[in-house]
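> Sequence first, predicted model second:
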Amino acid sequence: MFVMNLLAPVLLLLALSGCSSEVVNSFIQTCPKFFANPEGIVSPPTIFAGYNYKQICQIRASVYEYATLYDTANRIPIYSAYKFESLSNCERQTDWYIEPQLDNASARREMALETNKTLLQNQAVNKDYANRKTFGLDIGHLAPIFRGLACSDATFTLTNAAPQNSIFKKGKWKATEIYVAVLLKQKCSMYDSYVVTGVVPGSVWLNNRVNVPNYVWIGYCCLANNRQTKLSGGFIGRNADLPVSPVNLKELEKYLSQFYMKPFYVFGGRCYLPGE
């Protein structure tokens, strides 16, 4: 009851915007369409065990838009997964939403704007990012705004964002995201394309609240109509103004398993090309 009373004045529910998100027990049961299904098997990335890892199905206008594995201890997502539809020219908005269910399991699933500056235990809030430019950081999307047929407000939630080096975000990483989008548009327009974008937590914190990732990565998988892999690959780069490395899927998983210090699979151990 105390949590409910605390959250009530903090949040302004966006019923009219149609933006919502839902903390779920199973990606596969609730929003499986964002994960590649090679050979007909739904294959989400590795889901870490632990109470701090929350599976979120992100919604807009009552339609699931993408999925996020969120780390409440570091207050950043581990990854967001989505089905690529097209490359859209979208305008950025300035409002970033939060997810009420992360701090109150019985709260409504609508994304919310804050109405005051109260900090929340299990997620980042806008105040955490207020002085980000002092440290050369910006708020970086994982699932990008331009990934679908329509520009999505649902990507503007802090559960889909992590601190990124500002120069890296606007330069090399943006170029990488656009390269992947153009590649999938050119090579897989007739097929189903799936993308996972993630980060690796680091040792630096923004305002002692939000972890600043060491690495940013992206993996993609395009499936032909017979659910066989048509195209796959990925990129990984330090969260700094440094080059981004192209890698095949197994190379990406090797890096991530090393950095996460546990086995990690981007598409459930599938989507490999012959010879990997």
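Good, I have the coordinates. Numbering: from 1, shown residues only.

> Tell me where the model's unsure across the stretch 101-250 of the chain.
Counting by pLDDT under 70, the stretch 101-250 of the chain has low-confidence residues at 106-117, 145-153.

> Apply 90 and report the result again.
Regions of the stretch 101-250 of the chain meeting the criterion pLDDT under 90 cover residues 101-121, 126, 144-157.

> which residues of it fall in strands?
In chain order, the stretch 101-250 of the chain shows strands spanning 112-114, 137-141, 161-165, 192-200, 204-206, 210-212, 215-223, 229-238, 245-247, with DSSP state E, counting those that start in this stretch as the criterion.

> In the sheet, which strands lie alongside the fourth one, parallel or antiparallel?
Strand 192-200 sits in its sheet next to strand 76-84 (antiparallel), strand 215-223 (antiparallel), going by DSSP bridges.

> thinking again about what came up before, nearest to residue 95, out of the strands of the stretch 101-250 of the chain?
strand 112-114 (6.0 Å; Cβ to Cβ). Backbone N, C-alpha and C define where each C-beta goes, glycine included.

> quick one: the residue nearest to the spatial centre of the chain from residue 194, how far?
Computing the C-alpha centroid of the chain and ranking residues by Cα atoms, centre = their mean puts residue 80 first, at 2.6 Å. In this structure, residue 80 and residue 194 are 12 Å apart, going by Cβ to Cβ, to the nearest Å.

> Just checking the distance from stretch 242-261 to the centre of its chain.
Relative to its chain's centre, stretch 242-261 lies at 17 Å (Cα atoms, centre = their mean, to the nearest Å).

> Quick one: end-to-end distance for it.
Looking at stretch 242-261, the gap from its leading to its trailing residue is 23 Å under the measure Cα to Cα, to the nearest Å.

> List the buried residues of that stretch.
Judged by neighbour count (16 or more other Cβ atoms under 10 Å), stretch 242-261 contains these buried residues: 244, 247, 248, 249, 250, 252, 253, 255, 256, 259, 260.

> go on, stretch 25-34?
27, 31, 32, 34.

> so what's residue 239 up against?
Under the criterion of Cβ atoms under 8 Å, 6 or more residues apart in numbering, the neighbours of residue 239 are 163, 164, 165, 168, 199, 202, 212, 213, 214, 215, 216.

> wait, the residue nearest to the centre of the chain sits on residue 65?
No. Applying Cβ atoms under 8 Å as the test, residue 80 and residue 65 come out as separate, 9.9 Å apart.

> Mutual contacts of these two, please.
Common contacts of residue 80 and residue 65 (Cβ under 8 Å, 6+ apart): 58, 143.

> residues in contact with the host helix or strand of residue 254?
Here residue 254 sits within helix 249-260, counting by DSSP states H and E. Around helix 249-260, the neighbours that count as contacts under Cβ under 8 Å, 6+ apart are 48, 198, 200, 214-215, 217, 219, 221, 232-236, 247, 263-267, 271-273, 276.
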